[in-house]
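Peer 1: My questions are about this predicted structure, shown below with the sequence.
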Amino acid sequence: MRSLIWTELDRVRSDRGILALVLVHAGLLAVAAGLGIADARAQWLRFAAAKSAEQARVTEMLGQIERIEAGEDEEPPSWLDPRDPWVLGRSGRPALVPPPPGLWIARGLSDLQQRDPVVTIGSAVSARWVADPADPGRLSLGRFDVAFVLVFLLPLLLVASGDLVATDRSRGMLAALAAHGVSASRLAAARAFARGIAFFLATAAVLAIAEVVAGWLVAGSTDPRIPVATVALVAPYIAIWLAGWVALDAWARSPSWHAIAAVTAWVSAVVILPALVNAAVQVLAPAPTAAELAVELRDASEQAKKNSERIVADFMESHPELEARPGDWMASVHATTLHVERALAPLVRTHRAAAERQRAIAGMLLSFSPASTTFTALAELAGTGHRRQGRAHDAMDGLQHDLRAFVVPLAMSGSRLGRPELERLPSLRLEEPSPFEDIGRTILGLWLTSAAIAVVAWLAWRKSTVLPPS
Amino acid sequence: MILLVARRDLVGLTRDRRLALAVAILWVLVALAAQLGLERQARDRRLEEKASAAMRRQWLEQGEKNPHSAAHYGVYAFWPPPALSAFDPGVVPHSGRMVYLEAHHQNLLGDRAADDAGVADRLGVLTPAGVLAVLAPLLIIGLAFSSVAGERERGTLALALALGVSPRQWLLGKGLGLACTLGLLLVPPLLATLLVAGGGLSPWRVGALVLGYGLYFAGWLGLALAGSVWATTSRGALVGLIAFWVFSVLAIPRIVAEVEAMFEPLPTAAQVAIDLRNQKGGAEAYRARVEALERELFERHGVSRREDLPVNFDGLEMQLDEEISDAAHDRIIGALHEGNVERSQRRAALGFVVPLLALRTLSQAAAGTDAAHLRAFVQAAEAYRRAFVKKLNDDLAHSSKSGDWGYKADHELWASVPAFSFAAPPDEQALAPTRSALFALAGWAGLALLLLAGGSRRLHR
C-alpha cells in the first residue's frame, strides 16, 4: 500500500491537470486570505481610531470642565454640563470590542455585529436592536473568506480532479492491474489519499504564508495557533470527502457517471443539506422578534411613568446609601428605567431562551452536515461566531453595570465630575473566550464521520463488481 | 428537420431516469421553500399587524401629557411583508423590520432577522427564488452538457451530419428540444410558487419575474449547449460548465461584496451620530438661528419678551430644531439608502457575465423586497415622523404660552395623528430597477447564444 501511495504521489506531481486544480485552490485561498487580511487590518485601524477618539473626548471633557471652573468658558445649560454625572451617564461610553483574532480566516457574524456601540445608563433592552448602517444587499451576498473556500470550493476542486479508477475501468486497465496484484480498491484509496495530500499541503502552505503576512500587516492582533487549528479542522473534512469519493468510485459505471455523481454529492452536501438544516431550524425554533418586546417595553415604561413617584420612593428606600435630592428628574428617570428593566426581565429571559433553543437545535442538526459543522467551527475558531459575540454582549452588560455604579452615586450625592473621576471612568472588560473550546470535539466528530464513510466505502468496494472474480 | 431533432431530444430526455430524479428533487425543494416562505410570511404579517395595532392602542391611550413628551414617546413603524416575500424575501432579513419614530432623531432600521440566525445561515437559506437561481442552472447543465459532446463521443453526430442535416439545423433542434424540456420542468414550479405566494398579484410584477427568470434560464441553456459544442468530451463540458457555475453563482457575487466593502466601507452607528451632529452645525450656529427666529417673532408681534408672545416659543424652537435635523438626516441617512439602491443597480449591470447579480436585483424588485422598496418604507416612515412631530410641536406652540411646561394635550390630539401605513410604490416606480437588470439578462442570454453560434462552426470539423 505504501509503495502504491508513493507511486500515486509521484503521479500527482507529474499530472498537470491535478496540479492546475491544486494551484487554483491555492490561488482562491490566497485571494480569500488577502481580502480577509485587508478587512482585519481595516477593522484594527478603525478600532484604534475609535479608541483614540474616545480618549480625545475624555480629554476634551476634562479641558472643558477646567475652563468652566476657571471661568474661561461660560456656564453651559444643565443638560450639556460636562461636570454633571447624569450627562456622562446619558452620553455613555463606547464598548470598544477588539476585532476577533482570526477575522481573516472566517468573517462569520462579524459584519452583523455593531461596532463600537455606545453603552449608556439608559435601557439596555432596546439598545440591542440598534445596528450599524448596512447595505443589506451586500450582506445577503455572503463573504468570500478562507472558510468559504475551504468548506465550499475545496471539495469541488478535489472531485473535479477526476475519477479515481472509473476511467481505468472503462479502458479495461483494472484487469491488467489486478493481474499484477494491484487491487482496485487499494488503488482508488491510494489515489484519493495522494490527491488529498496535495490539496492539504497547498492549504497548509497558503495559510502559513497568510499568517505571516497577517502578523506583519495586522501587528500583534493575530494568533498563529488559529491557522494551525484551521488546518487540523480541515484535515478530517478533506478525509470525509476522500472517503466519500472512494465509495462513489466503487459504484461508478463510467467517467461521466462518476462526474455527475460527484457533482450531485457536492451540491447535496454543501448547498442543499445546509439550506435544509437552516430551514428545519426555522420551523422547529423560529427566531424571536423584537416587535413583541417593543410593545411590552412601551407598556411597561408607560405604567412606570404613571407610578414614578412610588417607584422613586421604592428606589430610594432600597438604596439608603444614595442621597435623595428633591426634584432630581434624572434620578426619577433612572429609577423608572430600572423598574422597567425588572418588569421586562421575564420576557427578555423568554426571548433569550428562545434564541438559545434555536441555537441548540441548530447545533444538533448541524452535525448532520459536515459542511455546516466545519463552517461554524471555523467561525468559532476565528472568534466571529456566537461564543465571542455572547461574551461581547456580556461585557457590554458589565460596562453598563459599572457605568451605573459609577454615575448614580455621584449624581445622587450632587457631586461634580473632575479630573479624579474622569481618570477612573469604567471601560469595557471583555473576557476573551478560548477559540479552541470544543474544537477538539469537533475535529474528533469529523474524523469519526470520515471513518464511518470509509467503512461504507470499504463495504461498497467489497460488493463492487468492478472486476470479474478471479 | 429541426422539429425532428427537437422531438428526438425531448423524448430522450423525458425518458432519462436520472433527470427525472433531479427534477423531482428540484420540485420538492421549490415546494418546501415555498411552504417555508409562506409560513414565514404569515408569521411576519401576524406580528406586524399585532404590533401595529398594539402601538396604535398605546398611542391613543397614553393619557394626558405634554405634546413634546408624546413626541419622545413616539411610535414604532413595522415593515409589512409584501405578497411575494414568500417567493423572495430579498434584503429584508439583513435590513431590519422596524424603526422607532421619535422627536429629533431619524433612527436606523432595527430587528434584523439575520442577527438571530446562526453562522451556518450564511451558507444559504432555502427560498424559492434561491433554489431557482442557484440550483436550476445545475439542472440545465445536467440536461445539456452531453447533448453535443455525448453524441460526438458516441459517433452519432458524424452520422447525423453525414445524413445531410446542417449543423445549424441540428443545433437549433437540440436547443428547441432542451428549451421545451426546460419549459416543462421549470415553468410549472415557478408559476405554481408565484400563484401560491399571494393572491391579487400585479401582472406586471409576475411578468417581470417570468421574463427575468426566462432570460436567466435561456442564457444558461445557451451556455450549457455552447459548452457541450466547444468541449471535446462530455466530461470536459461538465467540468467547464460546473466551474463557470461555481464562479458566477457562488464565488464572484461574494467577491463583488468583498471588493465593495473594501472600497466603500459603511460608517458605524456611532460615526453616523457624529456626522449628524456635525451636519447640524455647532451650538453657536444653532443659537444664531434661534435668535433670528426670536427677533422675527418679536418684530411681528411687537413684543420684547418670549412670555408676551401669543405663541409658545419653545414649540416653535423645537420645530426649528426638527427642520435643522431633517436636513442633516436627508443628507446622511438619505445618502446611506441611496447608496444601497445605487450599489444594487451597479451589481445588476454585471449581469452580462454574472447573471445571478442581475437576477437578484430583478427578483427582489418585483417581489417588493429590494433596497429601493426598503428606501420607500424608510422615507414613508420618516415623512410620517416629521408630520406627527410637527403636529405635536404646532399644538404646543399654539395651545400654550412660552414657559408653560405644565400644558398637557389629551386623546383628541393623539387621535388626530393618523396611524402609520405603508403602501408599496406603484408598479411603474417599483419595477424601474428591473429595466437595467432585464437588459443585463438579455445581454447574458445574447452572449450565450453568440457563443453557441460560434460553436456551430466547430461541428463541421
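Peer 2: Yep, it's here. Keep in mind that what you see is a predicted model, and the values were worked out from it rather than measured.

Peer 1: Could you tell me how many residues sit around A:Trp6?
Peer 2: 12 (other CB atoms under 10 Å in any protein chain shown). For every residue, glycine as well, the C-beta is placed using N, CA and C.

Peer 1: Same question for the one 4 residues further on.
Peer 2: Other residues within reach of A:Asp10 by the criterion other CB under 10 Å amount to 11.

Peer 1: same question, A:Arg107
Peer 2: A:Arg107 has 29 nearby residues by other CB under 10 Å.

Peer 1: out of everything not next to it in sequence, what's closest to it?
Peer 2: Spatial nearest neighbour of A:Arg107, excluding adjacent residues (CB to CB, 6 or more residues apart in numbering or on different chains): A:Arg143 at 4.3 Å.

Peer 1: how about the helix or strand encompassing B:Trp220, does it reach chain A?
Peer 2: Here B:Trp220 sits within helix B:203-230, counting by DSSP states H and E. No - using CB under 8 Å from any CB of the partner chain, helix B:203-230 never reaches chain A; the gap is at least 11.9 Å.

Peer 1: Report the mean confidence score over that helix.
Peer 2: Across helix B:203-230, the average pLDDT comes to 90.

Peer 1: B:Trp230 contacts B:Gly455, doesn't it?
Peer 2: Yes - the pair formed by B:Trp230 and B:Gly455 meets the contact definition of CB atoms under 8 Å, at 5.1 Å.

Peer 1: what's the span of stretch A:414-422 from first residue to last?
Peer 2: Start-to-end span of stretch A:414-422 (CA to CA, to the nearest Å) is 16 Å.

Peer 1: mind listing what's buried in that stretch?
Peer 2: Within stretch A:414-422, the residues that count as buried by 16 or more other CB atoms under 10 Å in any protein chain shown are A:Leu417, A:Glu421.

Peer 1: Residues contacting it, please?
Peer 2: A:58, A:61-62, A:65-66, A:69, A:82-85, A:88, A:323, A:325, A:410 (CB atoms under 8 Å, 6 or more residues apart in numbering or on different chains).

Peer 1: Sort out which of these are in helices and list them.
Peer 2: A:Val58, A:Met61, A:Leu62, A:Ile65, A:Glu66, A:Glu69, A:Pro85, A:Leu88, A:Leu410 (DSSP state H).

Peer 1: out of those residues, which is most surrounded?
Peer 2: Going by other CB under 10 Å, A:Leu88 tops the ones in helices among the contacts of stretch A:414-422 with 25 neighbours.

Peer 1: Quick check: pLDDT value at that residue.
Peer 2: pLDDT, read off for A:Leu88, is 90.

Peer 1: Could you do A:Ala127 as well?
Peer 2: 67.

Peer 1: Let me see the ranges of the helices in the stretch 1-150 of chain B.
Peer 2: B:2-14, B:17-60, B:67-73, B:113-116, B:128-130, B:136-144, B:149-154 (DSSP state H, counting those that start in this stretch).

Peer 1: same question, the stretch 351-461 of chain B
Peer 2: Using DSSP H, counting those that start in this stretch, helices in the stretch 351-461 of chain B cover B:355-367, B:371-399, B:411-416, B:427-430, B:432-456.

Peer 1: And those: which comes nearest chain A?
Peer 2: Closest of the helices of the stretch 351-461 of chain B to chain A is helix B:371-399, at 5.4 Å (criterion: CB to the nearest CB).

Peer 1: buried sites along that closest one?
Peer 2: Buried-residue list, helix B:371-399, by 16+ other CB under 10 Å: B:371-378, B:380-382, B:384-386, B:388-393, B:395-397, B:399.

Peer 1: which ones are touching the most centrally placed residue in chain B?
Peer 2: Against the mean C-alpha coordinate of chain B, by CA atoms, centre = their mean, the closest residue is B:Asp370 at 1.6 Å. Residues in contact with B:Asp370 (CB under 8 Å, 6+ apart) are A:Gly137, B:Gly90, B:Val91, B:Ser344, B:Thr361, B:Gln364, B:Pro433.

Peer 1: Now with 6 Å, please.
Peer 2: B:Gly90, B:Gln364 (CB atoms under 6 Å, 6 or more residues apart in numbering or on different chains).

Peer 1: Kindly report the residues of the stretch 51-200 of chain A close to chain B.
Peer 2: Taking CB under 6 Å from any CB of the partner chain as the measure of proximity, the stretch 51-200 of chain A contacts chain B at A:108-109, A:112, A:115-116, A:118, A:129-133, A:135-144, A:160.

Peer 1: Can you pick out the ones from those residues that are in helices?
Peer 2: A:Pro136, A:Gly137, A:Arg138, A:Leu139, A:Ser140, A:Leu141, A:Ala160.

Peer 1: Can you lay out these as CSV showing neighbour count?
Peer 2: As requested, those are exported to CSV (neighbours: other CB atoms under 10 Å in any protein chain shown):
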residue, neighbour count
A:Pro136, 24
A:Gly137, 25
A:Arg138, 25
A:Leu139, 20
A:Ser140, 21
A:Leu141, 24
A:Ala160, 22
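
Peer 1: which stretches of chain A form strands?
Peer 2: A:93-94, A:118-119 (DSSP state E).

Peer 1: What is the last one packed up against?
Peer 2: So that's strand A:118-119. In terms of contacts (3 or more CB pairs under 6 Å, 6 or more residues apart in numbering or on different chains; DSSP states H and E), strand A:118-119 is packed against helix A:386-412.

Peer 1: now do 8 Å
Peer 2: strand A:93-94, helix A:386-412 (3 or more CB pairs under 8 Å, 6 or more residues apart in numbering or on different chains; DSSP states H and E).

Peer 1: nearest to A:Ala208, of those?
Peer 2: When these are compared by CB to CB, helix A:386-412 sits nearest A:Ala208, at 24.1 Å.

Peer 1: Give the buried residues for that closest one.
Peer 2: Going by 16+ other CB under 10 Å, helix A:386-412 has these buried residues: A:386-389, A:391-393, A:395-396, A:398-400, A:402-404, A:406-408, A:410-412.

Peer 1: and it, anywhere near chain B?
Peer 2: Yes - judged by CB under 8 Å from any CB, helix A:386-412 and chain B are in contact via A:His386.

Peer 1: if you average pLDDT over that helix, what comes out?
Peer 2: 89.

Peer 1: next one: stretch A:66-83
Peer 2: 85.

Peer 1: any idea how far it is from the chain center?
Peer 2: Offset of stretch A:66-83 from its chain centre (CA atoms, centre = their mean, to the nearest Å): 45 Å.

Peer 1: circling back: for the helices of the stretch 351-461 of chain B, give me a markdown table that also has mean pLDDT.
Peer 2: Converted to a markdown table, the helices of the stretch 351-461 of chain B look like this (pLDDT from 0 to 100):
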| stretch | mean pLDDT |
| --- | --- |
| helix B:355-367 | 94 |
| helix B:371-399 | 93 |
| helix B:411-416 | 92 |
| helix B:427-430 | 86 |
| helix B:432-456 | 89 |
